[in-house]
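Engineer: Structure of the sequence below:
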Amino acid sequence: MIEIKKKEGEHVGAFIFRFNKKVKQSGIMKEMKKRKFTTRNVNRNKRKAAALYRVSKIKSLSELKKYGSTPGNKNS
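Structural biologist: Numbers count the residues shown, from 1 in each chain. Sure thing, here's the model as predicted:
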């Protein structure tokens with residue numbers, strides 16, 4: 001934990017500058033950003049279900065394309 005005390009007669013801007021400098025040097029911001037953007041692993045059953053859904057979707061779209069009608073086709 002970073003603890004900085006304001007010096008006597010120090011301007012607020014200088015104090016904030018010193019604080020930011022200490023925070024950057026300590027690596028707190030790096031750690032915070034690393035934790036913010038990490039994602040949890042999806043469990044095996046959800047991955048499997050998603051893969052099966054993709055396969056079935058691709059299969060149904062290829063069948064529709066084979067018969068000449070696709071979901072984006074305006075002439076159907």
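Engineer: Find the residue closest to residue 18 in space, skipping its chain neighbours.
Structural biologist: Among residues not flanking residue 18 along the chain, residue 4 sits closest, at 6.1 Å (CB to CB, 6 or more residues apart in numbering). Placement of C-beta: from N, CA and C, glycine included.
Engineer: State the phi and psi torsions of the one you found.
Structural biologist: Backbone torsions for residue 4, taken as degrees, to the nearest 10, come to phi -130, psi 130.
Engineer: And the lowest mean pLDDT element among the helices and strands of the protein?
Structural biologist: Within the chain, no helix or strand scores below helix 28-36, which has a mean of 88 by mean pLDDT, DSSP states H and E.
Engineer: Give me the residues contacting that one.
Structural biologist: The contact list for helix 28-36 (CB atoms under 8 Å, 6 or more residues apart in numbering) reads 2, 23.
Engineer: What's the first helix or strand after it?
Structural biologist: Later in the chain than helix 28-36, the nearest helix or strand by DSSP states H and E is helix 44-66.
Engineer: Average pLDDT for that next one, rounded please.
Structural biologist: Per-residue pLDDT over helix 44-66 has a mean of 94.
Engineer: How far does the least confident helix or strand of the chain sit from its chain's centre?
Structural biologist: 13 Å (CA atoms, centre = their mean, to the nearest Å).
Engineer: Perfect, that will be all.
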